[in-house]
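Visitor: make a model of this:
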Amino acid sequence: MTGSYLAADGPAPGPSPERRAFALTSRDFLIAAFFHIRIVLLAGLIPLAIGVAAATFTKTQYTANSLLMVMVSREVSNTQNVTDSGPSVLSIEGLKQVESEVQILESADIIRTVIETIGSERLFPPSLLTYLRSLLSSRGDKMDRAIEEFRTRLRAEVLDGSNIVQVSFTHPDRDVAIEATNKLVETYLTRRRALMETPTASILLTEVARFSRELKATDAAIEAFKARIGIIDFAQDATLAANQVDTVVQRRLQIAERKVSVAGQLAEAERQLKALPATVFDFNQRADALDNDDDHNTLTRLLIERDRLAMLYAPNGAMMREINRKIETIRQQLATRGDRNYETSRDVRNPSIAYLNNMILNLRVEADALDRQESELADQQAKAERRLSELRAAETELVELTRRRDTLSDGYREYQRRATAAQIEEAASRERESNVRLVQDAGAAVTSRSLRLPYLGAGLLGAALFGVAAGAVASALRSTFIMPHEAERELELPMLGEFANQSRPDEAASRERELGNLAALLLEVEIDGHPLRVMQFIAAEKDEYLSALAQGIAAEITTQRGMRTLLVDLTVPPAVIAPDDIAVREKGGLNVAPTSTPLLWSAASTAGSPLLNVRVPSAEAERLMDELRAEFDAVIFCATAADAAAIGHRLDSIVDGNVLVIRAERTRKAAASALRDTISENSGVPLGFILVGRRYVLPDWLYRLS
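Guide: Model (predicted):
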């Protein structure tokens, strides 16, 4: 793994624009579900409890079915074709008659009679909901609510393609369902016999003849009046005349308004034409830059070359003096750029003069055309007003004649319809009383239906859906990391390894393997061709595994690689150094002392260290860090971003690389992202992260299956 070294004055790196694509697997969903198992179970228990409660308290509903056959009369009977080879077809009139019987059956008067006969308390036993509803409503609403409840349980429908009406009533009590259905059919037949009685209509035919004579006389008078005045349709002729007058008036107003506007525009255009200058200013340009001016780019290349020569030659060498002289010459050239100014000015012929001349010519032509158009519109207005006066004078007489004809026409149609209906009713009234026959009694076909199993199934399905939804919401709102790929996707950094996995056995050999792999990976990292030797382990907040991780890696580098290593742990309080302690030495602005492990040194005290002082210039900090590099083969810093003195971020840019330490299920995503961004803004190099304290939430057998 390689990284790129960024100079102190270079731009701070930001997050990569190309995010890695992670595919979600079934194991990821299972891990999220087991991590939020309490929320999933709680959300799933709610619909399950509702389904179980509904299945417990629901009752078996019994439906009693009765069949009625409507015998259609001969006028609307079922007929076959002449050869008797086709099927019997029920006419539209017959279907309407059957539907009307259904409407009578479901009428409120019949239902009220059935409820009063059987009893509202027996049909609808009182319950807690009924008691509460009665308290909140008036006494007159009880029968209305009973009728509505009866209609919800009642079902009357015409069977497809037949004249059979099926009447069904549903009730938890089987006997009550049968009794209510039989009583409804009985009450309907009684009510129907009373409705079919029709009065005679012999006087209607005489009134029809009288209205016919008067209507013919009125039609003849209207036709004679229209022929005399020259009217085809009065409403249309009056509308056309009024519209013509209004159109002419509107056009004259528009022309007058346009004439005023043209006169004003013409005067203003002539005035502006006299005031316009012959030429106008086009542009003026002033600049201090020339073509092929490469001073800044030359200065940048010289600065880069000086940085490269500084690593190869002494500061006072001939090459360094030569490059410094070139840089100074370029900077003097840039400093005198403000004295080199160039200016260009140009004037052109005024383009508005030609535009105004064309406008004045067009306005004069338009003014002459408007005068001619106004004269023609005056003649049209006079003709339209004369026609409108003629129609206004004839309106009163024509309206009176039309009103009389409409009255006679309405009366004629009404009496004609009523007379015809009366004749048909008188012929059919004798047959209608026996046209409905009872085919099936309610007690002969009773069906039952229970919703216990559907309620239980709905509860189980709702529990699954609610559990999945609750797990998804909890996982989306979770602000910590539980899996490595979550941290990689959020931070856009690679995972370097794990440490202190809680689901693995806490054995010394296992811990040594983890530390050995991490140390080997870090020592193989190269930054611009140079091996990683100065590194910082930094966490967003204090963690008990942070110091153990840094100490373990430092010990691994010392014991297994034989490298002289310095460990600077900034997460522990500064130690107090005795004045006569001869083992303590000052290296790179730090007081260091050897430990019990050979070749492993640690910071004896960090208080007052110029290397960790945020007010020390960057150049001085780099010099002190170079002293540590010269003294030790590897330097390991351990710090937290929650430090009030910001010591950890002081080291971001002067170390070779920074390793983020993420605590599983504890480090917040926002804090980890802010820590990564802070390191990049401080010109530091984030190498990746180490996940500590992770645990496996799935059982082993489920891990193997997924």
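
Visitor: helix/strand/coil for residue 542?
Guide: Three-state assignment for residue 542 (DSSP: H, G, I helix; E, B strand; the rest coil): coil.

Visitor: the closest residue to it other than its chain neighbours and residue 207: what is the separation?
Guide: Once flanking residues are discounted, residue 542 sits nearest to residue 640: 5.5 Å by C-beta to C-beta, 6 or more residues apart in numbering. Bear in mind the C-beta positions are built from the backbone N, C-alpha and C, glycine included. Going from residue 640 to residue 207 by C-beta to C-beta, to the nearest Å gives 107 Å.

Visitor: hang on, the earlier thing: do you know the pLDDT at the residue nearest to residue 542?
Guide: Listed pLDDT for residue 640 reads 87.

Visitor: now residue 609
Guide: In this model, residue 609 is scored at 80, pLDDT.

Visitor: re the thing from before, beta-bridge partners for the residue nearest to residue 542, please?
Guide: Residue 640 has the following beta-bridge partners by DSSP bridges: residue 539.

Visitor: after the helix or strand residue 191 falls within comes which helix or strand?
Guide: If you go by DSSP states H and E, residue 191 is part of helix 174-195. Next in sequence after helix 174-195, counting helices and strands by DSSP H and E, comes helix 203-229.

Visitor: tell me the helices and strands packed up against that following helix.
Guide: In terms of contacts (3 or more C-beta pairs under 8 Å, 6 or more residues apart in numbering; DSSP states H and E), helix 203-229 is packed against helix 352-432.

Visitor: neighbour-wise, which of residue 640 and residue 207 wins?
Guide: residue 640 (19 against 16; other C-beta atoms under 10 Å).

Visitor: so that one sits against residue 538, correct?
Guide: Yes. With contact defined as C-beta atoms under 8 Å, residue 640 reaches residue 538; the gap is 6.7 Å.

Visitor: helices of the stretch 1-150 of the chain, start to end?
Guide: 26-35, 37-57, 92-105, 108-118, 120-123, 128-136, 141-153 (DSSP state H, counting those that start in this stretch).

Visitor: could you list the buried residues of the second one?
Guide: By neighbour count, with 16 or more other C-beta atoms under 10 Å as the criterion, the buried positions of helix 37-57 are 39-40, 43-44, 47-48, 51-52, 54-55.

Visitor: tell me the one among those residues nearest to residue 400.
Guide: residue 54 (72.2 Å; C-beta to C-beta).

Visitor: quick one: residue 187 and residue 113 touch, right?
Guide: Yes. Assessed by C-beta under 8 Å, residue 187 is found in contact with residue 113 at 4.9 Å.

Visitor: so who does the spatially closest residue to residue 252 that is not a sequence neighbour touch?
Guide: Leaving aside its chain neighbours, residue 252 sits nearest to residue 377 (5.0 Å; criterion: C-beta to C-beta, 6+ apart). By C-beta atoms under 8 Å, 6 or more residues apart in numbering, residue 377 lies in contact with 248, 251-252, 255.

Visitor: neighbour-wise, which one of those residues leads?
Guide: In these, the most neighbours by other C-beta under 10 Å go to residue 248, 20 neighbours.

Visitor: from residue 239, how far off is that residue?
Guide: 15 Å.

Visitor: then residue 118?
Guide: In terms of C-beta to C-beta, residue 118 sits 65 Å off from residue 239.

Visitor: I'd like the average pLDDT over the helix or strand encompassing residue 460.
Guide: Per DSSP H and E, residue 460 falls inside helix 452-477. For helix 452-477, mean pLDDT is 82.

Visitor: same question, stretch 318-327
Guide: 86.

Visitor: so what touches that stretch?
Guide: Contacts of stretch 318-327 (C-beta under 8 Å, 6+ apart): 299, 302-303, 305-306, 309-310, 312-314.

Visitor: just the C-alphas of it, formatted as PDB.
Guide: Extracted C-alpha coordinates of stretch 318-327, given in PDB (Å, rounded to 0.1, in the frame of the first residue of the first chain):
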ATOM      1  CA  ALA A 318      26.400  26.700  -5.200                       C
ATOM      2  CA  MET A 319      23.300  25.000  -6.600                       C
ATOM      3  CA  MET A 320      21.100  26.400  -3.800                       C
ATOM      4  CA  ARG A 321      22.400  30.000  -4.200                       C
ATOM      5  CA  GLU A 322      21.800  29.800  -8.000                       C
ATOM      6  CA  ILE A 323      18.200  28.600  -7.500                       C
ATOM      7  CA  ASN A 324      17.500  31.200  -4.900                       C
ATOM      8  CA  ARG A 325      18.800  33.900  -7.200                       C
ATOM      9  CA  LYS A 326      16.400  32.800  -9.900                       C
ATOM     10  CA  ILE A 327      13.500  32.800  -7.600                       C
END
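
Visitor: just checking, residue 437 touches residue 66?
Guide: No. With contact defined as C-beta under 8 Å, residue 437 does not count as touching residue 66 (11.8 Å).

Visitor: which of those two has more neighbours?
Guide: residue 66 (23 against 11).

Visitor: and the next element down the chain from the helix holding residue 460?
Guide: Assigned by DSSP H and E, the successor of helix 452-477 is helix 484-491.

Visitor: right, I'll call it a day here.
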